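# Could you work out the structure for the sequence below:
(chains A, B, C and D)
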There are 2 protein chains.
Amino acid sequence: MEKDLEGTAGILKLMGDKTRLSMLGLLIKHDCCVCEFVEIFNMSQPAISQHLRKLKDAGLVKENRKGQWIFYSLNQENVYYQLVQDVIKHIPDQGEKLISLEKQGLRISCN
Amino acid sequence: MEKDLEGTAGILKLMGDKTRLSMLGLLIKHDCCVCEFVEIFNMSQPAISQHLRKLKDAGLVKENRKGQWIFYSLNQENVYYQLVQDVIKHIPDQGEKLISLEKQGLRISCN
DNA sequence: TTATTATATAATGGTTTGGTTATATAACTG
DNA sequence: CAGTTATATAACCAAACCATTATATAATAA
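Presented below is the predicted three-dimensional model:
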């Protein structure tokens, strides 16, 4: 269960950004497509893409292309997956963010 | 148990530095004096002082002066204390660092 | 009081971070 | 094919980060 100190610090640093932390909180509920993140975080598409790349470089998420869309999911094989789970228990349910977008009638293109 | 997303991200960012993460890992075992940290981390005293200040500003640690020394301890009243505990479970026992210093015969002045 | 020791703060500087805009790539559509 | 849509990458920049050295403060010791 215990992991390398530096590796753990690296994961915590990644999670120490509210956008990425929220992304992980969403992904633990269900896979998400890039365009969903763009809507949810009201941030430029390249900004989202770069956050996702950091998560992917760390091996925390995987990508899965479906036609023109790319869906991201948590990589449960990552050695730090348990840490991620333990941390996410401490934040509010991020699934709400998608729901509230739907209620606003904001369409997300990938579904 | 769930806390504000931004607040949590802030704590994670603080813990996302290997020096501070290790400090917390030590403090969860026992209180430490500044000069102990200086020895352990082989880093300038101001650097240590500034890390401790960040932890203190976040309310994660408390200080307690004993004569010319200042001892730091974890602030168990902090709302994020449980998060800190949950995270520290994932790193190796940092108490070893003090023990290995003693074995090297490196004196720490505050005891 | 002066000197020493422990710690904090200030000033500085190189590196990293996290956003932006512009551009490239890949897949779909007509 | 050309045009559109989804995503990634590149270039850029301001702000934050983390260390250093220099200096200030507080307590102790002579």
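
# Does at least one residue of the host helix or strand of A:Ala47 sit close to DNA strand C?
Under the criterion DSSP states H and E, the helix or strand holding A:Ala47 is helix A:45-57. Yes - for a cut-off given as CB under 7 Å from any atom of the strand, helix A:45-57 has contacts with DNA strand C, namely A:46-47, A:50-51, A:54. From N, CA and C alone the C-beta is placed, and that goes for glycine too.

# what does stretch A:19-29 give?
Yes - for a cut-off given as CB under 7 Å from any atom of the strand, stretch A:19-29 has contacts with DNA strand C, namely A:Thr19.

# about what we covered before: direction included, what does the helix or strand that the helix holding A:Ala47 is followed by pair against?
Remark: after helix A:45-57, the chain's next helix or strand is strand A:61-66, criterion DSSP H and E. Strand A:61-66 has the following strand partners under DSSP bridges: strand A:69-74 (antiparallel).

# Find the residue closest to A:Asn75 in space, skipping its chain neighbours.
On the basis of CB to CB, 6 or more residues apart in numbering or on different chains, the spatially nearest residue to A:Asn75 that is not a chain neighbour turns out to be A:Lys62, at 4.7 Å.

# What residues are bridge-paired with the one you found?
Here A:Lys62 shows beta-bridge partners A:Ser73, assigned using DSSP bridges.

# Enumerate every residue touching it.
By CB atoms under 8 Å, 6 or more residues apart in numbering or on different chains, the contact set of A:Lys62 is A:56, A:72-75.

# Do a quick rundown of the helices in chain A.
Along chain A, the stretches classed as helices by DSSP state H are A:5-15, A:18-27, A:34-41, A:45-57, A:81-88, A:95-103.

# out of those helices, which comes closest to chain B?
Taking CB to the nearest CB as the criterion, chain B comes closest to helix A:5-15 out of the helices of chain A, the separation being 3.0 Å.

# buried residues in that closest one?
With burial defined by 16 or more other CB atoms under 10 Å in any protein chain shown, the residues of helix A:5-15 counted as buried are A:5, A:7-15.

# go on, stretch A:83-103?
A:83-84, A:87-88, A:90-91, A:94, A:97-98.

# again, but for stretch A:41-51
The neighbour-count check on stretch A:41-51 (16+ other CB under 10 Å) flags A:41, A:48, A:51 as buried.

# No further questions, thank you.
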